[in-house]
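Asks: Coordinates for the following, if possible.
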Amino acid sequence: MTYDWCLWQEAAETALYGEEGFYRRPEGPVGHFRTSVHVSPLFATAVARLLAGTARELGTDSVDLVDVGAGRGELLTGVLAALRDGSLAPGLTVRAYAVEIAPRPPGLDPAVEWRAELPREVRGLLFANEWLDNVPTDVAEADADGVPRYVLVRGTDGTERLGDTVTGADARWLSRWWPLTRPGERAEIGRPRDEAWARAVDSLAGGAAVAVDYAHVRASRPPFGTLTGFRDGREVPPVPDGSCDLTSHVALDACAAAAGGTAELLDQRTALRELGVGGGRPPLAQASADPVGYVRALASAGEAAELTARGGLGDFGWLRHRVPDREEGYCPA
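Replies: Predicted structure coming up:
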């Protein structure tokens, strides 16, 4: 924990990823909040379909899957389970990588390689579900004259005060992506996330990279930022003392520009429907013809509805990058 006044990026880095940081706790993220992965196996099945499609586009039956910010391996476990019977992708061989700073959890499939850094030159799918929102950033606030200044924070209680004027690369980022003009307006300076995503995309030798997160774009930035905390399933004040998650929405349009290449921004509702996750109720006639199957289908429809709900998970942003295949000189369509 940082006791002295410091910038938010430094404070959050220590609080989340330090030796006793929030993300090193044994319970993992699922002990405090649910992501789409935890809502339903339908999400992992959708990622499995995306992986299979990426393999077809690359023209290979041996493909890599990289889960960045893997938590305790829940997504990889679900994807491998969805592919196990061979119906989604007959004959597909998957090399699975979990990228996570926490220790490897017990009982994880031995086929999953657990590592703290991105693998390089992989061909396949890199998937980052709710990773970028936990890449720490500095926070800026416009002072009484409308001049953006860094926000300093005290780690013991989250008290804030204004620091120096924002200059250099951070000032250029704000000017391009999140201008602050009125006193009291705030922004999370997303430059570290842009750089992290560019590195992630660059690690691929071919295939696709997908980031899924709370997001906003330049035309609709929130005027006072989005920094908050989560603990035990509830939103709490963002105090960088290691006791809670620290998260803020991601400027995915800036991340897209930083990584270059061919990118597409869409919401989770659209992305999952493209991957076969709908939300429609099963026909009522099935209730009498196949009551057990009807109950299962109804439960699945409810899970799909939660994953695609307006005002909820369905509003998450998906940033999809296509990466030219360096082996073949081919870019998946």
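Asks: could you dump stretch 72-88 to CSV, C-alpha only?
Replies: C-alpha atoms of stretch 72-88 as CSV (Å, rounded to 0.1, in the frame of the first residue of the first chain):
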residue,chain,number,x,y,z
ARG,A,72,-8.1,-18.5,-12.3
GLY,A,73,-8.4,-20.1,-15.8
GLU,A,74,-12.2,-20.2,-15.9
LEU,A,75,-12.5,-19.1,-19.5
LEU,A,76,-9.8,-21.4,-20.8
THR,A,77,-11.4,-24.3,-18.9
GLY,A,78,-14.8,-23.5,-20.5
VAL,A,79,-13.4,-23.2,-24.0
LEU,A,80,-11.5,-26.5,-23.8
ALA,A,81,-14.6,-28.2,-22.4
ALA,A,82,-16.8,-26.8,-25.3
LEU,A,83,-14.3,-28.2,-27.8
ARG,A,84,-13.8,-31.5,-26.2
ASP,A,85,-16.5,-33.5,-28.0
GLY,A,86,-15.3,-32.3,-31.4
SER,A,87,-18.6,-31.1,-32.6
LEU,A,88,-17.6,-27.4,-32.8
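Asks: Go through the helices and strands of the chain and name the one with the lowest mean pLDDT.
Replies: One helix or strand of the chain scores below all others by mean pLDDT, DSSP states H and E: helix 286-289, with a mean of 57.
Asks: And the nearest residue to Thr181 once chain neighbours are set aside, how far from Ala44?
Replies: Nearest-residue entry for Thr181: Gly146, 5.4 Å, with adjacent residues in sequence omitted and distances by CB to CB, 6 or more residues apart in numbering. Where you see a C-beta, it was placed from the backbone N, CA and C, and this is true even at glycine. Using CB to CB, to the nearest Å, we find Gly146 at a distance of 47 Å from Ala44.
Asks: ok, now Arg154?
Replies: 40 Å.
Asks: Between those two, tell me which one has more neighbours.
Replies: Ala44 (21 against 18; other CB atoms under 10 Å).
Asks: Spatially, which residue comes closest to that one, not counting chain neighbours?
Replies: Gly78 (2.7 Å).
Asks: got the contact list for the one you found?
Replies: 37, 41, 43-45, 47-48 (CB atoms under 8 Å, 6 or more residues apart in numbering).
Asks: returning to what we had before: does the residue nearest to Thr181 sit in a helix, a strand or a coil?
Replies: coil (DSSP: H, G, I helix; E, B strand; the rest coil).
Asks: Neighbours of it, how many?
Replies: 12.
Asks: let's number from 652 now, not from 1
Replies: From this message on, residue numbering opens at 652, which makes the last subject Gly797.
Asks: For it, give me phi and psi.
Replies: Torsion angles at Gly797 (phi, psi; degrees, to the nearest 10) stand at phi 80, psi 10.
Asks: That one contacts Thr816, doesn't it?
Replies: No. With contact defined as CB atoms under 8 Å, Gly797 does not reach Thr816; the gap is 11.6 Å.
Asks: can you pull out the strands in the stretch 802-951 of the chain?
Replies: With DSSP state E, counting those that start in this stretch as the definition, the stretch 802-951 of the chain shows strands at residue ranges 811-816, 837-840, 855-864, 866-867, 879-882, 885-887, 896-898, 901-902, 913-918.
Asks: How about the stretch 652-801 of the chain?
Replies: Using DSSP E, counting those that start in this stretch, strands in the stretch 652-801 of the chain cover 656-658, 713-719, 744-750, 763-766, 773-780, 789-793, 799-805.
Asks: Next, the residues that contact the second one from outside, please.
Replies: Counting by CB under 8 Å, 6+ apart, the neighbours of strand 713-719 from elsewhere in the structure are 702, 705-706, 724, 726-727, 730, 743-750, 769-770, 773-780, 782, 851, 854, 858.
Asks: Now do the buried residues in it.
Replies: Residues 714-719 are the ones in strand 713-719 that count as buried (16 or more other CB atoms under 10 Å).
Asks: Would you mind putting the residues you listed into TSV with distance to Tyr674 and pLDDT alongside?
Replies: Output for the buried residues of strand 713-719, formatted as TSV (distance: CB to CB, whole Å; pLDDT from 0 to 100):
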residue	distance to Tyr674	pLDDT
Val714	28	97
Asp715	24	98
Leu716	21	98
Val717	18	98
Asp718	15	98
Val719	13	98
